[in-house]
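1. Take this sequence and fold it.
(4 chains)
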2 protein chains.
Amino acid sequence: MQNSEVKDIPNPTIATVAKSTGVSMMTVSRVVNNKPGVAQATRERVLQAINEMGYTANPAARNLARGRTNSISLMLPNIWSSYMSEVARGVGAALSAASYSLVIYTTDVGIEREHYHNLLLGQSADGVIMVAPCLPDEHVKHLLNRRRPCVVIDPCPSDRALPSINVTNWAGTLAAMEHLIALGHRRIGFISGVPYPLCNAERLRAYRDSLLKAGLKAEARWVKSGDQTRSAGAACTREWLAEGELPTAIFAGNDDMAMGVIDALMAAGLKIPEDVSVVGFDDVPMASQIHPGLTTVHQPLQEIGQRAAELLLAQINGQTSIPFIELPTELIIRGSTGPARKTP
Amino acid sequence: MQNSEVKDIPNPTIATVAKSTGVSMMTVSRVVNNKPGVAQATRERVLQAINEMGYTANPAARNLARGRTNSISLMLPNIWSSYMSEVARGVGAALSAASYSLVIYTTDVGIEREHYHNLLLGQSADGVIMVAPCLPDEHVKHLLNRRRPCVVIDPCPSDRALPSINVTNWAGTLAAMEHLIALGHRRIGFISGVPYPLCNAERLRAYRDSLLKAGLKAEARWVKSGDQTRSAGAACTREWLAEGELPTAIFAGNDDMAMGVIDALMAAGLKIPEDVSVVGFDDVPMASQIHPGLTTVHQPLQEIGQRAAELLLAQINGQTSIPFIELPTELIIRGSTGPARKTP
DNA sequence: CTGAAAGCGCTTACAG
DNA sequence: CTGAAAGCGCTTACAG
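-> You can find the predicted model right below:
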């Protein structure tokens, strides 16, 4: 430890720069914001002073005066899952193209009630993008009344008239199920994510619909549910192993859980896909990196984020329509699925 | 698409609430900030109005008046790697305990030069925590002169007199190497991360030192380098495979790369640890979830973040010493390492 | 091309 | 317990 001798130097303000250059604050402001109406010579003189003093605009003062922040907030359940970080990346790309900045809030680190309320209705940002589970009922009404710009990522129930971005969850799930059924699988396990957000409910519904369609009966023991994490997928699989009978194929509601399924199967000495086929949903980057590759339902994660951001910016700029966008999914077949194992 | 009929309702201000309640702005401010000096009856009346109108304080105005933001910014190269998200989680925990909020910036989504400068020297937050690669030389001087509170996570060169948090990179690497050497490994490949941050340089140095210490010679062909990502680890491994000779053990500079090594080995039909042993560094959560488990050098990721936050808060509150904290690492032996394969 | 004035919505410091 | 005044550092709108 050594003690500092340097004293705090106060941050230079627009007034400091103006005084030292001998111009008005207005002129400094024009230079800082790169606006026209300043003689070239003056501009250069001011710029030099700015550099020398290390002046940076105080964002609080600027936001207050402008009445906007030029930033939007993104509310996610977490940021460590690939789904979330890919979506966030898409949002970031669209925003930086529009010179907006992005502030990410995750509910897993526990945003307190009050802070949450502020983010949604307050003026910390010009708008908000939420992945659905982040949206409590009680706030929807306010969002609607106050017309704070916002976009929801997830199937949004029709009675919640908020702009939203969705994917074809039902059709994607159906395609994967048909793939498994065509491979001869009859005992297909399904690990559902939490019932809300609705995308998980839709996938579970599609799983049941596809069994019906194929003339197979849905047995309760082949459905489990987890909290979307890798370890939840492993836990469900270990339950099946402990119960003594395993599905010939396991379809997890998202890729993270599917990887957990693979963890547990491999730990039990089983081969994929020879012993058990595994399917996921999302097509996160890692799905193609593991061995065998994970068969999964692709959704355009970055595009979802990008479109959400574009929608939000449009609203901030005055658009009043309430779009409900649905993006396509696509079944990606990799090495984790194969013909059903003949049961003796 | 349906058109909105509701008109924008302006955000209520402290003045709105004051007028509707018949008190002064000062009284409303006291209530909002939960400060003493307001009669119970008055307080309740104001609170009711606040709820009815959905008032939330304008953060820009508040920050400007207070001269601080009650938030800190965390600068990371990315947020998708487990290392980063674990560190971020630790920071978040410590901050929320102190009622500070956290804003995360990642350099991978391309913070532009100017914005970067603002974050470091500007007043968007009361302080900043940086994972080292985020700290360009040119800014260090300013940080020192201006005495903006900051903390660096990484071994910080002694000439950079900034508070920092480190781990025992050298000792941790040595422990892992000794483990491999004890298992009979002589051809040990090392995949180094990028040379800056310095932790990677330290690990590479320790790799060489340990070979020397064991009387083995360091051969250039057994050292490769990658950009810390899973796919980089896989790529390096494929290079060795293509070159026709493989190390009996591969030590990757971080866990993400180690998992990439495993991807590539498995894709080539090799068994771990029978054919090749694999070691990582970090002990991210996934290291214990894969099969076989990854032998790795544990570092206390969340604690790193937490200590960094505590250090920063201390500085914000006026502490002027410049601590250089070093946290311990620990070798965690799991299934990915075993006796060296006898070469015929 | 340049500047003086007013105001953004809060809080701090001072009076009563 | 309550309030009137000044000011935080900018920008917008208006003059010259």
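
2. give me the beta-bridge partners of residue A:164?
-> residue A:152, residue A:324 (DSSP bridges).

3. Please work out how many residues are found near it.
-> Residue A:164: 23 surrounding residues under other CB atoms under 10 Å in any protein chain shown. The C-beta positions use only the backbone N, C-alpha and C, and glycine is treated the same way.

4. Now do the strands in chain A.
-> A:71-76, A:101-106, A:128-131, A:150-153, A:164-167, A:188-192, A:223-225, A:249-252, A:277-282, A:295-298, A:324-327, A:330-332 (DSSP state E).

5. what residues does the stretch 151-300 of chain A put near chain B?
-> Residues of the stretch 151-300 of chain A lying close to chain B (CB under 8 Å from any CB of the partner chain) are A:161, A:230-231, A:234, A:260, A:263, A:266-267, A:286, A:289-291.

6. all helices of the stretch 51-200 of chain A, in order?
-> In the stretch 51-200 of chain A, the segments counted as helices under DSSP state H, counting those that start in this stretch are A:59-66, A:82-97, A:113-121, A:137-146, A:169-182, A:198-213.

7. Please report how far the closest residue to residue A:282 other than its chain neighbours lies from residue A:175.
-> Counting by CB to CB, 6 or more residues apart in numbering or on different chains, residue A:282 lies nearest to residue A:255, which is 4.4 Å off, once chain neighbours are set aside. According to CB to CB, to the nearest Å, residue A:255 stands 16 Å off from residue A:175.

8. which of the residues of the stretch 151-300 of chain A next to chain B count as buried?
-> Buried residues within those, counting neighbours by 16 or more other CB atoms under 10 Å in any protein chain shown: A:230-231, A:234, A:260, A:263, A:267, A:286, A:289-291.

9. okay if I get those residues as JSON lines plus distance to residue B:94?
-> Below are those laid out as JSON lines (distance: CB to CB, whole Å):
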{"residue": "A:230", "distance to residue B:94": "26"}
{"residue": "A:231", "distance to residue B:94": "25"}
{"residue": "A:234", "distance to residue B:94": "30"}
{"residue": "A:260", "distance to residue B:94": "30"}
{"residue": "A:263", "distance to residue B:94": "31"}
{"residue": "A:267", "distance to residue B:94": "35"}
{"residue": "A:286", "distance to residue B:94": "30"}
{"residue": "A:289", "distance to residue B:94": "33"}
{"residue": "A:290", "distance to residue B:94": "34"}
{"residue": "A:291", "distance to residue B:94": "39"}
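
10. Please flag which of those residues sit within helices.
-> A:230-231, A:234, A:260, A:263, A:267 (DSSP state H).

11. ok, how many other residues are close to residue A:16?
-> 16.

12. Give me the pLDDT value at it.
-> For residue A:16, the pLDDT comes out at 92.

13. residue ranges with poor pLDDT in the stretch 151-300 of chain A?
-> Residues of the stretch 151-300 of chain A that meet the criterion pLDDT under 70 lie in A:155-160.

14. what does it put close to DNA strand D?
-> Counting by CB under 7 Å from any atom of the strand, no position of the stretch 151-300 of chain A is adjacent to DNA strand D.

15. how close does whichever residue of the stretch 151-300 of chain A sits closest to DNA strand D get to residue A:310?
-> Nearest residue of the stretch 151-300 of chain A to DNA strand D: residue A:151, at 24.8 Å (CB to the nearest atom of the strand). Distance of residue A:151 to residue A:310, computed by CB to CB: 9 Å.

16. out of the two, which sits in the more crowded spot?
-> Per other CB under 10 Å, whichever of residue A:151 and residue A:310 has more neighbours is residue A:151, with 28 against 19.

17. In this structure the more buried one contacts residue A:313, no?
-> No - with contact defined as CB atoms under 8 Å, residue A:151 does not reach residue A:313; the gap is 9.6 Å.

18. Pull up the overlap in contacts between these two.
-> residue A:127 (CB atoms under 8 Å, 6 or more residues apart in numbering or on different chains).

19. Close to DNA strand D: what parts of the stretch 1-150 of chain A are there?
-> Near DNA strand D, when you scan the stretch 1-150 of chain A using CB under 7 Å from any atom of the strand, you find A:11, A:13-15, A:25-26, A:29, A:32-33, A:55, A:57-58, A:61-62, A:64-66.

20. Could you turn the buried ones of the residues you listed into a ChimeraX selection?
-> Those of those that count as buried under 16+ other CB under 10 Å are selected in ChimeraX with:
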select /A:11,13,14,29,32,55,57,58,61,62,64
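
21. wait, what's in contact with the residue in the stretch 101-250 of chain A positioned nearest to DNA strand C?
-> Across the stretch 101-250 of chain A, no residue is closer to DNA strand C than residue A:123, which sits at 7.7 Å (CB to the nearest atom of the strand). For residue A:123, the contacting residues are A:69, B:11, B:56, B:58-60, by CB under 8 Å, 6+ apart.

22. Then residue A:25?
-> A:14-15, A:18.

23. ok, so of those residues, who is nearest residue A:247?
-> Nearest to residue A:247 among the contacts of residue A:25 is residue A:14, at 67.1 Å by CB to CB.

24. and that closest one, what does it touch?
-> When contacts are counted by CB under 8 Å, 6+ apart, residue A:14 touches A:25, A:28-29, A:32, A:55, A:57.

25. Which positions in chain A make contact with DNA strand C?
-> Residues of chain A lying near DNA strand C (CB under 7 Å from any atom of the strand): A:23-27, A:30, A:36-40, A:42-43, A:61, A:64-65, A:67.

26. what's the distance between the residue located most distally from the centre of chain A and residue A:56?
-> Taking CA atoms, centre = their mean, the residue of chain A most remote from its mean C-alpha position is residue A:22, at 49.3 Å. Residue A:22 sits 21 Å away from residue A:56, going by CB to CB.

27. go on, residue A:325?
-> For residue A:325 relative to residue A:56 (CB to CB), the value is 38 Å.

28. quick one, which of those two is more surrounded?
-> Taking neighbours as other CB under 10 Å, residue A:325 and residue A:56 compare with residue A:56 leading, 19 against 16.

29. ok now do the more buried one, which residues does it touch?
-> Per CB under 8 Å, 6+ apart, neighbours of residue A:56: A:11, B:117-118, B:121-123.

30. Likewise for residue A:84?
-> With CB under 8 Å, 6+ apart, residue A:84 has these contacts: A:76-78, A:106, A:131.

31. ok, 6 Å please
-> Residue A:84 makes contacts with A:76, A:78, as judged by CB atoms under 6 Å, 6 or more residues apart in numbering or on different chains.

32. Local confidence estimate at it?
-> 89.

33. Any figure for the gap between it and residue B:80?
-> Residue A:84 is 9 Å from residue B:80, where distance means CB to CB.

34. Tell me the one of the contacts of residue A:25 nearest residue B:208?
-> Nearest to residue B:208 among the contacts of residue A:25, counting by CB to CB, is residue A:14 at 53.5 Å.
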